[in-house]
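Novice: output the structure for:
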Amino acid sequence: MAGLTLASPSAERRVYSPWRETWRRYSRHKLAVVSAFLLLILILAVVVGPFIWRVKIDDIDIVAGMQGPSLAHPFGTDDLGQDILARMIYGGRISLAVGLAAMLVSVFIGTLVGALAGMSRGALGHGLMWLTDLFLSLPQLPLLLLLIYLFRDGLKVAFGPEGGIFILIVLVIGGLRWMPVARLVRAQFLSIREKEFVEAARALGASPVRQVVRHILPNALGPVIIAGTIDVAAAIIAESTLSFLGLGFPPDTPTWGRLLYDAKDFLDIGPHWALFPGGAIFIAVVAINFIGDGLRDALDARRVI
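Specialist: Numbers count the residues shown, from 1 in each chain. Below you'll find the model as predicted:
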């Protein structure tokens, strides 16, 4: 018909699915994409590495002690001639597992406390926030060292040297990192519970539990995911600090922090011993933080990218 013009397909507005739109926004953050690639390489290295690099972590060769990087030992050897690459692969699984498990503990506790405080309109919410502020005011490192010192021996007896320390470190680090998550979740709940779709669900007779599970919590997960990535990095640093202070895993368990602790007396003659585990910790922590920045940009619909 005369006078009518058809819009070209290129002029039509593209419609993305929520996941595709999230990836599109995340991919605009170049440092976040590079960081995700580096973290994926680290994870693959510690998971697949033992099947490729079959050197045992406790093989001792005094003659080869304190050698620098070579074809036989790409990351060099320690004072006992043990292969640092093999020990880093083994220790990386522990360090990353501690970070992930401690993050899950802190996110679970923080989400539970924040949800209860956000849905409560009385003394319960104020009491939980007072408890959160109390934990925030505690000096975390001295408290962490005290709890490790008090419960280490008992858990070693109950779950073994490695299992007991792993459980203790995860519970203590996660138990001291839930407060920021709780405050984020409470703020999200206070805002979302007054939205129209929640009011409609409430008017239709939805119970508080259904309101939380079906309507409020899914819309509050964005900040929780971002806080979780930050908690992974903080947990890795905390575990490395404990191991460096000699209060982490047993001496024969080579976590990245324990490798740094063992290398501290040989920095002048064997800097490679500390360089590689320290670099792994640095790359993991920085990559996780940039991934958190990318997720913040991707999950915040108000940010224009």
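
Novice: count of neighbours near the closest residue in space to Gly278 that isn't next to it in sequence?
Specialist: The shortest distance from Gly278 to any non-neighbouring residue, by Cβ to Cβ, 6 or more residues apart in numbering, is to Leu260 (5.9 Å). Just so you know, the C-beta spots here come from the backbone N, C-alpha and C atoms, and that holds for glycine as well. For Leu260, the neighbour count with other Cβ atoms under 10 Å is 20.

Novice: quickly note the distance from Leu260 to Leu155.
Specialist: 24 Å (Cβ to Cβ, to the nearest Å).

Novice: which residues in the stretch 101-250 of the chain form helices?
Specialist: 123-137, 140-159, 161-175, 179-192, 196-203, 208-210, 221-244 (DSSP state H, counting those that start in this stretch).

Novice: elements contacting the fourth one?
Specialist: Secondary structure elements in contact with helix 179-192, counted by 3 or more Cβ pairs under 8 Å, 6 or more residues apart in numbering; DSSP states H and E, are helix 84-119, helix 123-137, helix 221-244.

Novice: give me the buried positions along stretch 254-273.
Specialist: 254-263, 266, 270, 272-273 (16 or more other Cβ atoms under 10 Å).

Novice: ignore the last one, stretch 138-150
Specialist: So stretch 138-150, judged by 16+ other Cβ under 10 Å, has buried residues 140, 144-145, 147-148.

Novice: is there a neighbour count for Glu196? I'd like the number.
Specialist: Neighbours of Glu196 (other Cβ under 10 Å): 7.

Novice: what sits against Tyr261?
Specialist: Going by Cβ atoms under 8 Å, 6 or more residues apart in numbering, Tyr261 touches 243-246.

Novice: in JSON lines: those, plus neighbour count, distance to Arg186 and pLDDT.
Specialist: As requested, the contacts of Tyr261 are exported to JSON lines (neighbours: other Cβ atoms under 10 Å; distance: Cβ to Cβ, whole Å; pLDDT from 0 to 100):
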{"residue": "Ser243", "neighbour count": "30", "distance to Arg186": "34", "pLDDT": "81"}
{"residue": "Phe244", "neighbour count": "19", "distance to Arg186": "35", "pLDDT": "79"}
{"residue": "Leu245", "neighbour count": "14", "distance to Arg186": "34", "pLDDT": "80"}
{"residue": "Gly246", "neighbour count": "10", "distance to Arg186": "38", "pLDDT": "76"}
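
Novice: for the residues you listed, which one is nearest Gly163?
Specialist: Ranked by distance to Gly163 (Cβ to Cβ), the contacts of Tyr261 are led by Ser243 at 16.1 Å.

Novice: hang on, the closest one packs against Gly257?
Specialist: Yes: contact criterion Cβ atoms under 8 Å: Ser243 and Gly257 qualify, at 3.0 Å.

Novice: surely Ile173 touches Ala102?
Specialist: Yes: between Ile173 and Ala102 there is a contact under Cβ under 8 Å: 4.2 Å.

Novice: list the residues that contact both of those two?
Specialist: Shared contacts of Ile173 and Ala102, defined by Cβ under 8 Å, 6+ apart, comprise 235, 238-239.

Novice: can you tell me which of these is nearest Ser120?
Specialist: Using Cβ to Cβ, the shared contacts of Ile173 and Ala102 come closest to Ser120 at Ala235, 28.9 Å.

Novice: which ones are touching that closest one?
Specialist: 98-99, 102-103, 106, 173-174, 177 are the contacts of Ala235 under Cβ under 8 Å, 6+ apart.

Novice: how about the buried residues of stretch 138-150 in CSV, adding pLDDT?
Specialist: Formatted as CSV, those follow (pLDDT from 0 to 100):
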residue, pLDDT
Gln140, 80
Leu144, 83
Leu145, 83
Leu147, 85
Ile148, 83
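
Novice: nearest to Thr111 among those?
Specialist: Of those, the one sitting nearest to Thr111 (Cβ to Cβ) turns out to be Gln140, at 20.0 Å.

Novice: next, work out how far apart the closest one and Val107 are.
Specialist: Distance from Gln140 to Val107, by Cβ to Cβ: 17 Å.

Novice: cool, and Glu239?
Specialist: 17 Å.

Novice: next: Arg121.
Specialist: Arg121 is 25 Å from Val107, by Cβ to Cβ.

Novice: what about the two, which has more around it?
Specialist: Val107 (23 against 9).

Novice: which residues touch stretch 111-121?
Specialist: For stretch 111-121, using Cβ under 8 Å, 6+ apart, the contacting residues are 124-125, 128-129, 131-132, 178, 181-190, 193, 208, 211-212, 216-217, 224.

Novice: that one: how far from the chain's middle?
Specialist: 23 Å (Cα atoms, centre = their mean, to the nearest Å).

Novice: show the average pLDDT along it.
Specialist: In this model, stretch 111-121 has an average pLDDT of 88.
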